[in-house]
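**Q** Got a predicted structure plus its sequence, pasted below:
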Amino acid sequence: MQLNNKKILLTGASGGIGKAVATRLSDAGAIVSLVGRKRGTLTQLLASVGTQHHLLVADINSTEGRSRVAQHCTEKQIDIVINCAGVLEFGLYEEQSQSSIEGMVMTNMLSPMLLCQQLIAPLKLRPEAAMINIGSIFGSIGHPGFTAYCASKHGLRGFSEALQRELADSAIKVGYLAPRATDTEFNSAQVIALNKALGNSMDSPELVATELIRLLESNQAQRFMGWPEKLFVKINGLLPNLVGRALIKNLGLIKQHSKLSSGE
């Protein structure tokens, strides 16, 4: 898919990955509608990428917000929708609040699902269209300390896979990108410390944006990032007990950092 002159709607545009994606899409010649909850941050981003793009302040976790996005997509004849909004809270599941769990499931999975449902009809009117959901490597590997987050991203991956197959006879391409740990403000100090202690690499938002462009330009339905993370995804699918034993060995370290996260 060629991106030049494509009209693209990007949720979560004010986040670290969102900003990088917006910049890369603009450089590729696309017209981007920047969606987020923070007008000030979106205004700054719009100034940096160019005033030929659009700004839309909307909360996709609300019915009203999703309706505003759907209306915008119809009015602007959007070709591509990229669901990039996401939240993460690190901690032991038994200690997380109900509101935290609900927030991760809503933002990371349910809201993108509901938004995609509303946008299928207008996207079917475009000669070439796509819906891309930004997931996570943790959408394929259950990791201690990130239980609710993993659940939300597992759900998003399954949804994207099923919808891609359901819409295979239409002009709409459905894609799923799974980054590994990424160096953004998305991560708390405790998550950054844990990644360092575990020896996990962190990619730049710009690299994630590059991989997203590659996914859009290819015929792939899914794209996973990072080595050895991509290998772990395959092994976990075939031999989950093997990956499980490796992760359980780090359980003490994970619990130690979760206590720092909770302020103990």
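**A** Sure, I can see it.
**Q** shouldn't Leu247 be in contact with His143?
**A** Yes: in terms of Cβ atoms under 8 Å, Leu247 counts as a neighbour of His143; the distance is 6.3 Å. Heads up, the C-betas are built off the backbone N, CA and C, glycines and all.
**Q** okay, the helix or strand that Ser33 is a member of in CSV with CA atoms only?
**A** Per DSSP states H and E, Ser33 falls inside strand 31-36. Listed next in CSV are the C-alpha coordinates belonging to strand 31-36 (Å, rounded to 0.1, in the frame of the first residue of the first chain):
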residue,chain,number,x,y,z
ILE,A,31,-2.5,13.4,5.6
VAL,A,32,-2.9,12.5,9.2
SER,A,33,-5.7,13.1,11.7
LEU,A,34,-4.1,13.3,15.1
VAL,A,35,-6.5,11.9,17.8
GLY,A,36,-5.9,12.3,21.5
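**Q** Neighbouring strands - and their directions - for that strand?
**A** strand 7-11 (parallel), strand 54-57 (parallel) (DSSP bridges).
**Q** of all the ones you listed, which lies closest to Ile120?
**A** In terms of Cβ to Cβ, the element of those nearest to Ile120 is strand 7-11, at 13.6 Å.
**Q** Let me know the average pLDDT across that closest one.
**A** Strand 7-11 carries an average pLDDT of 98.
**Q** Name the residues that touch the helix or strand of the chain with the lowest mean pLDDT?
**A** Confidence across the helices and strands of the chain bottoms out at helix 251-262, with a mean of 78, counting by mean pLDDT, DSSP states H and E. Contact partners of helix 251-262, identified using Cβ atoms under 8 Å, 6 or more residues apart in numbering, comprise 90-92, 95, 144-145, 188, 190-191, 193-194, 197-198.
**Q** and those, which are buried?
**A** Buried subset of the contacts of helix 251-262 (neighbour count, 16 or more other Cβ atoms under 10 Å): 90-91, 144-145, 188, 190-191, 194.
**Q** In a strand, Ile82, correct?
**A** Yes: the assignment for Ile82 is a strand, going by DSSP: H, G, I helix; E, B strand; the rest coil.
**Q** Turn the contacts of helix 251-262 into a markdown table, including distance to Ser33, secondary structure and pLDDT.
**A** Shown next, in a markdown table, are the contacts of helix 251-262 (distance: Cβ to Cβ, whole Å; DSSP: H, G, I helix; E, B strand; the rest coil; pLDDT from 0 to 100):
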| residue | distance to Ser33 | secondary structure | pLDDT |
| --- | --- | --- | --- |
| Phe90 | 31 | coil | 93 |
| Gly91 | 34 | coil | 93 |
| Leu92 | 38 | coil | 95 |
| Glu95 | 38 | helix | 94 |
| Pro144 | 38 | coil | 95 |
| Gly145 | 35 | coil | 94 |
| Ser188 | 30 | coil | 83 |
| Gln190 | 34 | helix | 88 |
| Val191 | 30 | helix | 85 |
| Ala193 | 36 | helix | 88 |
| Leu194 | 35 | helix | 87 |
| Ala197 | 40 | helix | 88 |
| Leu198 | 38 | helix | 86 |
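**Q** Which residue comes closest to Thr182 once chain neighbours are left out?
**A** Asp203 (5.2 Å; Cβ to Cβ, 6 or more residues apart in numbering).
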